[in-house]
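# I'll drop the sequence and a predicted model, then ask my questions.
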Amino acid sequence: MMNRRKVLATIAAAAALAAAPSFAADPLKIGFVYVGPVGDAGWTYAHDQARLALEKELGAKVKTSYVENVPEGADAERVIRKLVAEGNKLIFTTSFGYMNATEKVAKTTPGVTFLHATGFKSGKNFGTYESRLYEGAYLNGILAGKMSKSNTLGFIASFPVPEVIRNINAFTLGAQSVNPKIKTKVIWVNSWYDPAKERQAAETLVAQGADVMAQNTDSPATLQVAQEKGVYAFGWDSDMTKFAPKAHLTAATNDWSGYYINTAKAVLAGTWKTEGYRGGLKEGMVKMSKLNAAVPADVAKIFEEKKAALTAGTFDPFTGPIKDQSGAIKVAAGAKMPEKELLSMNFYVQGVDGTIPK
């Protein structure tokens, strides 16, 4: 009798356990801080496309949110702390000017993982990541050097940080590799996204003789001016062909999706470690958009061959000899610029006009 009661009790307990509701693990909450509007082109747009890819890949395992148009100053710290207070355990801050604010918050919230784009500081729960977009800038330069008739290129620059200076120099070096007569004129607009300033700068550069323009800014204003003026330009961070199909030669674009997905997986698995990740064409973090049909076949061939070499890792844009504006050797012939110097670049290569703002 006693054995029968035990059996019945065991069956009842098992039935109760089976009927009890099951609760899935809470999703990993992930926050993104954006410097500009999500929009439909540019730097922030590229990051948000990657955020959406992350959601699609990991589904219910993650829950993402973002804050756009966050100034690079005291307000950034407030936004980051708010994301922490909302329960986000992984936070991506996607612009250079967020570095100090991210570091400050990371030091006070050890239970949260922070990743900062394009900076150089790190900590136990604070890593950095960036794309080698200067590889794309170099390829843009090859097209610019071949397509220019005036031998004068224009560059609309945002802020004088190493990331932007690298892109100006890589663009110029790429152009000079196929046209030694090239000169690059730079106008700094002191903003990542300001269509009015970008337009004004582009108009000024065309007036100064630039017939091919590049940018390290976020709007398609430069391309639109190029099309209006009958010159060429490049998209940046994302494909901007639709804004100026006649002027748009190609675009160096960022695809952050693989990095965001892999980072989230590592945090979920408890295997994430502080790192400084840098990806380029080889890793698929940098991609070039389709070439304009206006690019001659022989020029496209040079472009594709150099892209293949960059993708294979057999060529580096900052391979010497490289001289600064004074003619001083910065990288000896056959040598590659050391990573420390690459990440702290603060000089113009020979062929870039003007001076870097203080």
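It's in.

# K197 contacts I187, doesn't it?
No - K197 sits out of contact with I187 when judged by Cβ atoms under 8 Å, with a separation of 9.1 Å. Backbone N, C-alpha and C define where each C-beta goes, glycine included.

# where does the stretch 251-358 of the chain dip in pLDDT?
By pLDDT under 70, the stretch 251-358 of the chain has no low-scoring segment.

# can you give me the helices for it?
In the stretch 251-358 of the chain, the helices defined using DSSP state H, counting those that start in this stretch lie at 257-269, 297-312, 339-343.

# now render these as JSON lines, adding distance to A210 and mean neighbour count.
Output for those, formatted as JSON lines (distance: least, Cβ to Cβ, whole Å; neighbours: other Cβ atoms under 10 Å):
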{"stretch": "helix 257-269", "distance to A210": "34", "mean neighbour count": "18"}
{"stretch": "helix 297-312", "distance to A210": "19", "mean neighbour count": "15"}
{"stretch": "helix 339-343", "distance to A210": "27", "mean neighbour count": "14"}
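
# turn the ones you listed into TSV, columns for distance to L58.
Converted to TSV, these look like this (distance: least, Cβ to Cβ, whole Å):
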stretch	distance to L58
helix 257-269	6
helix 297-312	28
helix 339-343	31
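
# for V164, which of the ones you listed is the nearest?
Between V164 and those, the shortest gap by Cβ to Cβ is with helix 339-343, which sits at 12.7 Å.

# what helices or strands is that closest one leaning on?
helix 162-176 (3 or more Cβ pairs under 8 Å, 6 or more residues apart in numbering; DSSP states H and E).

# give me that answer again for 6 Å
If you count contacts as 3 or more Cβ pairs under 6 Å, 6 or more residues apart in numbering; DSSP states H and E, helix 339-343 packs onto no helix or strand.

# convert the C-alpha atoms of that helix to PDB, please.
Extracted in PDB, the C-alpha atoms of helix 339-343 (Å, rounded to 0.1, in the frame of the first residue of the first chain):
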ATOM      1  CA  GLU A 339      50.200  50.400 -35.900                       C
ATOM      2  CA  LYS A 340      50.800  52.800 -33.000                       C
ATOM      3  CA  GLU A 341      51.700  55.600 -35.500                       C
ATOM      4  CA  LEU A 342      48.800  54.700 -37.700                       C
ATOM      5  CA  LEU A 343      46.300  55.000 -34.900                       C
END
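
# centre of the chain to that helix, how far?
Put simply, helix 339-343 sits 17 Å off its chain's centre (Cα atoms, centre = their mean, to the nearest Å).

# what lies in contact with stretch 349-356?
The contact list for stretch 349-356 (Cβ atoms under 6 Å, 6 or more residues apart in numbering) reads 160, 169, 172, 176, 183-186, 322-323, 325.

# now, the most widely separated pair of the residues you listed?
Greatest spacing in the contacts of stretch 349-356, by Cβ to Cβ: P160 and Q176 (21.5 Å).

# so those two - more neighbours on which side?
Taking neighbours as other Cβ atoms under 10 Å, P160 and Q176 compare with Q176 leading, 19 against 16.

# quick one: T102 is in a strand?
No - counting by DSSP: H, G, I helix; E, B strand; the rest coil, T102 is not part of a strand but helix.

# assess the claim that it and T93 are in contact.
Yes - counting by Cβ atoms under 6 Å, T102 touches T93, with 4.6 Å between them.

# out of these two, which sits in the more crowded spot?
More crowded of T102 and T93, by other Cβ under 10 Å: T93, with 31 against 25.

# now do the contacts for the more buried one.
Contacts of T93 were listed using Cβ under 6 Å, 6+ apart, and they are 33, 102, 116.

# for P317, which non-adjacent residue is spatially closest?
Using Cβ to Cβ, 6 or more residues apart in numbering and skipping the chain neighbours, the partner closest in space to P317 is Y138 (4.0 Å).

# and E68, by the same measure?
Nearest non-adjacent residue to E68, counting by Cβ to Cβ, 6+ apart: Y34, 4.3 Å away.

# related to what we said a few turns ago, ok, which of the helices of the stretch 251-358 of the chain comes nearest S65?
Relative to S65, the nearest member of the helices of the stretch 251-358 of the chain by Cβ to Cβ is helix 257-269, separated by 13.6 Å.

# so who does the nearest residue in space to G351 that is not next to it in sequence touch?
Leaving aside its chain neighbours, G351 sits nearest to T172 (5.1 Å; criterion: Cβ to Cβ, 6+ apart). Going by Cβ under 6 Å, 6+ apart, T172 touches 184, 349, 351-352.

# show me the two of the residues you listed that sit farthest apart.
Maximum pairwise distance in the contacts of T172, criterion Cβ to Cβ, is 8.9 Å, between T184 and V349.

# let me know whether L291 touches A251 as I believe.
No - with contact defined as Cβ under 6 Å, L291 does not reach A251; the gap is 10.2 Å.

# quick one, which of these two is more surrounded?
The residue with more neighbours, out of L291 and A251, is A251; 22 against 15, by other Cβ under 10 Å.

# how near is the more buried one to G354?
A251 sits 25 Å away from G354, going by Cβ to Cβ, to the nearest Å.

# rewinding a little: on the three-state scheme, the residue nearest to P317 is what?
Assigned by three-state DSSP, the conformation of Y138 is helix.
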